[in-house]
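Asks: Attaching a predicted model along with its sequence, questions to come.
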Amino acid sequence: MSQPVPETDIRDFLRTRRARLTPEQAGLAPYPGARRVPGLRREEVAQLAGVSVDYYVRLERGRTTAVSAAVLNAVAHALQLDDTERDHLFALADPAGQQTDTTTAQRARLGLLRVLENVTDVPALLLGHRLDVLAVNHLARALYGDFEGLPAGERNMARYLFLAPQARDLYVDWHETARENVGMLRLYASHHPRDPRLAQLAGELSAGDGDFRRWWSEHDVYQPTYGSKRYRHPFAGDVTLGFEAFTPIGEPDQTLGLYTVEPGSPSENALRMLAAEGTAGSTRTDGTRP
């Protein structure tokens, strides 16, 4: 797969955002006669944003050199983008201003490693560029498998979700979680438009999994915040965990994921069983014990 092309990315992102909105949803009168495109036409987006049709067409074609923040905000409002999508649009419109140094090896700083070590009752993990798994605590290792036992280039949450067969069995709501991870990669791509390793990863996953290929083409973006996940672990059984996602200060491309569990719940008992039975640190990536 070739290196991501910013012009193509902004074109496809705006096109897919237009396609999901009907004139009625946008507050416009229904267009008379048959519509040749799903969702809004370019002329309608331009009308809603208060710009000329020619200006909007040039924007959608990636000609963003002189585009103002006011115009981008107007387009974001016209297309009813949420905050994450708006951030994505601004990043796509200014690829030259985004971070380009993706060659430096990622590392978890000592303080964050100690945070993971000190979290002993629930899983915790640290993700970096392209959803690379930088560090996990003992219960995350027991829940997901031994990422640290994989070659450095394969320690990646997206690769795990789409290429490891056991992942589809582990996540009760696999489709939802997998789509969120695709959205996280898309969001990362707009801030690192010239990352060849991301292009390589996206190409590998597109070739290896039809779900990834379809969702990648939809250009949805996702920023993790908080929520819950349901698992069906081969040893611990059904487990429901809350999660909170944080961006460590000083590490803008890293995500610290801390899980929570309801006190006294079957899920808490399941986590205790994982720790007590010695699966922490000895669970393989295929979900079997050595």
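Replies: Perfect, thanks for sending it.
Asks: For the longest helix along the chain, name the packing helices and strands.
Replies: If you go by DSSP state H, the chain has its longest helix at helix 174-191. Judged by 3 or more Cβ pairs under 8 Å, 6 or more residues apart in numbering; DSSP states H and E, the packing partners of helix 174-191 are helix 83-93, helix 157-163, helix 196-208, helix 210-218. (Each C-beta comes from the backbone N, C-alpha and C, glycine too.)
Asks: which helices and strands sit right next to the third one?
Replies: This points to helix 196-208. With contacts defined as 3+ Cβ pairs under 8 Å, 6+ apart, helix 196-208 has these neighbours: helix 157-163, helix 174-191, helix 210-218.
Asks: one more time with 6 Å
Replies: helix 210-218 (3 or more Cβ pairs under 6 Å, 6 or more residues apart in numbering; DSSP states H and E).
Asks: what's next to the helix or strand just after the helix it packs on, contact-wise?
Replies: Later in the chain than helix 210-218, the nearest helix or strand by DSSP states H and E is strand 226-233. Identification of contacts with strand 226-233 by Cβ atoms under 6 Å, 6 or more residues apart in numbering yields 170, 172-173, 238-242, 244.
Asks: Residue ranges in this structure under the pLDDT threshold?
Replies: 1-7, 31-33, 96-103, 277-290 (pLDDT under 70).
Asks: residue boundaries of the helices in it?
Replies: 6-19, 42-49, 53-60, 69-78, 83-93, 110-118, 138-144, 157-163, 165-170, 174-191, 196-208, 210-218, 266-276.
Asks: Relative to residue 261, how far out is the nearest residue to residue 132 once chain neighbours are set aside?
Replies: Distances taken as Cβ to Cβ, 6 or more residues apart in numbering put residue 156 closest to residue 132, at 5.2 Å, once the chain neighbours are dropped. Computed as Cβ to Cβ, to the nearest Å, the residue 156 to residue 261 distance reads 26 Å.
Asks: swap in residue 253?
Replies: Residue 253 sits 28 Å away from residue 261, going by Cβ to Cβ.
Asks: before we move on, the earlier item: ok, residue 156 and residue 261, which is more surrounded?
Replies: A count of neighbours by other Cβ atoms under 10 Å puts residue 156 above the other of residue 156 and residue 261, at 26 against 21.
Asks: So that one sits against residue 128, correct?
Replies: No: judged on Cβ atoms under 6 Å, residue 156 makes no contact with residue 128 at a distance of 9.5 Å.
Asks: residues near the nearest residue to residue 55 once chain neighbours are set aside, how many?
Replies: Using Cβ to Cβ, 6+ apart and skipping residues adjacent in sequence, the residue nearest residue 55 is residue 46, 7.1 Å away. Other residues near residue 46 come to 22 when the count uses other Cβ under 10 Å.
Asks: What of residue 176?
Replies: Burial of residue 176 is recorded as 12 neighbouring residues (other Cβ under 10 Å).
Asks: With residue 231 as the reference, measure out to it.
Replies: Noted for residue 176: a distance of 13 Å to residue 231, by Cβ to Cβ.
Asks: buried ones in stretch 191-205?
Replies: 191-195, 198-199, 201-202, 204-205 (16 or more other Cβ atoms under 10 Å).
Asks: And stretch 133-141, by the same measure?
Replies: Buried residues in stretch 133-141 (16+ other Cβ under 10 Å): 133-141.
Asks: Compile the residues you listed into TSV and extend it with columns for distance to residue 64.
Replies: Converted to TSV, the buried residues of stretch 133-141 look like this (distance: Cβ to Cβ, whole Å):
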residue	distance to residue 64
133	34
134	33
135	37
136	39
137	42
138	47
139	45
140	40
141	44
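Asks: So which of the residues you listed is the closest to residue 105?
Replies: Distance to residue 105, by Cβ to Cβ, is smallest for residue 134 among these, at 10.4 Å.
Asks: residue contacts, the closest one?
Replies: Residues in contact with residue 134 (Cβ under 6 Å, 6+ apart) are 106, 108, 126, 128.
Asks: State the distance from residue 134 to residue 107.
Replies: Separation of residue 134 from residue 107 (Cβ to Cβ): 7 Å.
Asks: Common neighbours of the two, please.
Replies: Going by Cβ under 6 Å, 6+ apart, no residue sits against residue 134 while also sitting against residue 107.
Asks: Among the contacts of strand 226-233, name the buried ones.
Replies: Members of those classed as buried by 16+ other Cβ under 10 Å are 170, 239, 241.
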